[in-house]
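Peer 1: generate a structure from the sequence data that follows.
(one chain, ligands or ions: 1)
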Amino acid sequence: MNADFSLSAIDIVTPGEVKADASIRIAEGKITDFSRSNIKDFNMGGSYTLFPGIINSHDHLFGTYFPKIGEGNYVCWLPWDYDLKASEIYQERNKNTPLDIYLLGAYKNLVSGVTTVHDHIPHQVNDPHADKLPIRVLTKYSLSHECSSYDLKWGDGIDVEYKRAVNNNIPYVTHIEEGWDTESLRGIDILLEHKALSEYTVLIHGIGFSKKDIKQVAKNKANFIWCPGSNMYMFDKTAKIKEILESGINTSIGTDSPATGELNILEEIRFGKKMYRQMYNEDLSDEQIVKMITVNPAKAFRVNDRIGSLEKGKIADLLMVHGSKKQAHALLVDATLKDIALVFLEGKPIYGDDDFGEIFKELGSEFSKIKIEGKDKLITGDPNDLMKKIRKAVGFQKELPFLPI
Ligand SMILES: [Zn+2]
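Peer 2: Numbers count the residues shown, from 1 in each chain. Okay, the predicted model is just below:
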């Protein structure tokens with residue numbers, strides 16, 4: 001049941017402006033307007049700033065485990081994949097049920113403020129789990145693994161998958177040019193040969209993009225996902241992000257799995273900001289970064305009529321962070337796990353500080369209690385029980401730093 005309620009005395013980041021000391025009203029899981037509800041209002045006391053729930057544009061939830069795998073300095077993703085499958089960590093992960101690993105991935109994302117994730121994997125892998133998870137996993141997409149003769153052959157091939165995307169108005173998602181071998185570097189040419197580069201195309205990694213490739217991606221209005229942590233770990237190099245942004249390509253940020261990427265989206269955006277400064281000796285603006293985890297991915301995945309921004313009629317996926325009356329975008333870009341104050345999915349609280357027990361109870365959300373980095377939190381489902389199951393399955397007191405409970 002979704003009540004009619006509002007949050008008031010809160011700073012609100014909308015696409016065009018930051019509304020200071022404002023209100024937002026929610027009914028039936030959607031944003032009604034920016035007024036106070038006469039049925040139920042929660043006064044936030046001017047101490048918080050509200051963003052849309054974060055969209056993590058690239059993850060492999062079935063790869064949610066730790067520590068990272070591989071030696072780095074790979075020529076392309078393939079020798080890394082051999083290392084992954086030969087590793088003891090991979091064997092250890094596989095002692096768990098797929099659903100438990102999926103739950104780990106969902107909780108990893110949730111505690112960092114993510115309400116929607118794109119899980120890049122064939123549908124038969126994630127479809128059985130998607131509706132059992134505490135956050136939204138995008139299920140409407142077509143895909144390839146990569147666009148090379150030696151890729152993992154996900155989906156039905158470039159032609160069929162791309163056509164499926166266009167016919168159903170869904171994104172066609174693929175890794176691209178994730179390496180330096182001759183075939184990897186032809187990624188964009190291959191997509192052009194298949195007439196599969198357009199606004200429906202979502203391209204992940206692109207570390208091998210030449211200036212010509214970037215021009216083609218921009219000209220054809222394809223979307224780009226930047227995974228700086230994973231790129232640097234595997235290849236000690238990332239995509240030409242400044243050139244990509246300056247060419248006007250719709251660009252988002254994704255974590256990739258913790259097997260190579262940063263621990264969560266908050267770490268990933270900070271890592272990306274640091275990389276940008278190292279590479280270009282200037283700063284990527286906080287406002288730009290916030291777009292790369294909200295409106296930009298909503299557009300890329302063709303769900304911007306529903307999520308990605310705080311606007312009238314959109315689904316009430318909300319992320320409230322500690323702090324207000326400051327540079328609002330910096331509050332999110334600088335946030336760590338302890339700063340995530342309250343998260344709503346479709347108007348229901350699913351994670352937050354334990355001071356918000358009343359909101360969980362009033363809005364009818366079931367929760368359990370956890371401690372994250374020593375702070376008491378309320379959360380939907382039971383991640384403590386999940387960790388017990390994981391530890392029982394692997395036979396020792398496993399610690400997973402992306403879920404520090
Ligand atoms: Zn990936």
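
Peer 1: going forward, measure contacts between C-alpha atoms and count neighbours the same way
Peer 2: Noted.

Peer 1: and the longest helix along the chain, what does it pack against?
Peer 2: In the chain, assigned by DSSP state H, the helix with the most residues is helix 265-280. Here helix 265-280 touches helix 228-235, helix 241-246, helix 328-333, going by 3 or more Cα pairs under 8 Å, 6 or more residues apart in numbering; DSSP states H and E.

Peer 1: can you name the next helix or strand after it?
Peer 2: Using DSSP states H and E, the helix or strand that follows helix 265-280 in sequence is helix 286-291.

Peer 1: what does stretch 198-213 contact?
Peer 2: Residues outside stretch 198-213 that contact it (Cα atoms under 8 Å, 6 or more residues apart in numbering): 58, 162, 165-166, 169-180, 184-185, 188-189, 217, 220-227, 231, 237-240, 243, 300-301.

Peer 1: quick one: end-to-end distance for it.
Peer 2: 13 Å (Cα to Cα, to the nearest Å).

Peer 1: list the buried ones in that stretch?
Peer 2: By neighbour count on 16 or more other Cα atoms under 10 Å, the buried set for stretch 198-213 is 198-210, 213.

Peer 1: now the angle from the longest helix of the chain to helix 228-235?
Peer 2: Between helix 265-280 and helix 228-235, the angle comes out at 70 degrees (axes from the mean of the first three to the mean of the last three Cα atoms, to 10 degrees).

Peer 1: what does stretch 350-369 contact?
Peer 2: Here stretch 350-369 makes contact (Cα under 8 Å, 6+ apart) with 1-3, 42, 110-111, 134, 340-344, 348-349, 375-382.

Peer 1: now, those that are in strands?
Peer 2: Among the contacts of stretch 350-369, the members falling in strands (DSSP state E) are 42, 340-344, 348-349, 375-379.

Peer 1: and residue 143, what are its bridge partners?
Peer 2: With beta bridges defined as DSSP bridges, residue 143 has these partners: residue 173.

Peer 1: that one and residue 176 touch, don't they?
Peer 2: No - look at residue 143 against residue 176 with Cα atoms under 8 Å: they stay out of range, at 11.6 Å.

Peer 1: would you list the buried residues of stretch 198-213 in CSV and tack on secondary structure?
Peer 2: Shown next, in CSV, are the buried residues of stretch 198-213 (DSSP: H, G, I helix; E, B strand; the rest coil):
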residue, secondary structure
198, coil
199, coil
200, coil
201, strand
202, strand
203, strand
204, strand
205, strand
206, coil
207, coil
208, coil
209, coil
210, coil
213, helix
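
Peer 1: element containing the residue nearest the centre of the chain?
Peer 2: Here the mean C-alpha position of the chain is nearest to the C-alpha of residue 56 (Cα atoms, centre = their mean), at a distance of 0.8 Å. Under the criterion DSSP H and E, the helix or strand holding residue 56 is strand 54-59.

Peer 1: can you give me how far whatever helix or strand comes next after that strand is from the chain middle?
Peer 2: The C-terminal neighbour of strand 54-59 among helices and strands, as given by DSSP H and E, is helix 77-86. Its chain's C-alpha centre and that of helix 77-86 lie 24 Å apart, by Cα atoms, centre = their mean, to the nearest Å.

Peer 1: what's the burial count for residue 242?
Peer 2: 12 (other Cα atoms under 10 Å).

Peer 1: show me which of the contacts of stretch 350-369 are buried.
Peer 2: 3, 42, 110-111, 134, 340-344, 348-349, 377-382.

Peer 1: list the residues that contact the nearest residue to residue 93 once chain neighbours are set aside.
Peer 2: Of all residues beyond its chain neighbours, the one nearest residue 93 is residue 65 (6.6 Å), with distances taken as Cα to Cα, 6 or more residues apart in numbering. Counting by Cα under 8 Å, 6+ apart, residue 65 makes contact with 93, 101, 258-259, 400.

Peer 1: rerun at 7 Å
Peer 2: 93, 258-259 (Cα atoms under 7 Å, 6 or more residues apart in numbering).

Peer 1: would you say residue 356 is within a helix?
Peer 2: Yes - assigned with three-state DSSP, residue 356 falls within a helix.

Peer 1: so where's this protein shaky on pLDDT?
Peer 2: Where the chain drops to pLDDT under 70, the residues are 1-2.

Peer 1: and with 90 instead?
Peer 2: Across the chain, the ranges flagged by pLDDT under 90 are 1-3, 15-16, 325-327, 364, 373-374.

Peer 1: ok, so what distance separates the residue nearest to the centre of the chain from residue 130?
Peer 2: In terms of Cα to Cα, residue 56 sits 15 Å off from residue 130.

Peer 1: residue 302 now?
Peer 2: For residue 302, the distance to residue 130 - Cα to Cα - is 18 Å.

Peer 1: and if you look at residue 265?
Peer 2: Taken as Cα to Cα, the span from residue 265 to residue 130 is 20 Å.

Peer 1: which one of these two has more residues nearby?
Peer 2: residue 265 (29 against 20).

Peer 1: mind listing what that one touches?
Peer 2: 56, 112, 254-255.

Peer 1: can you check residue 332 too?
Peer 2: By Cα under 7 Å, 6+ apart, the neighbours of residue 332 are residue 321.
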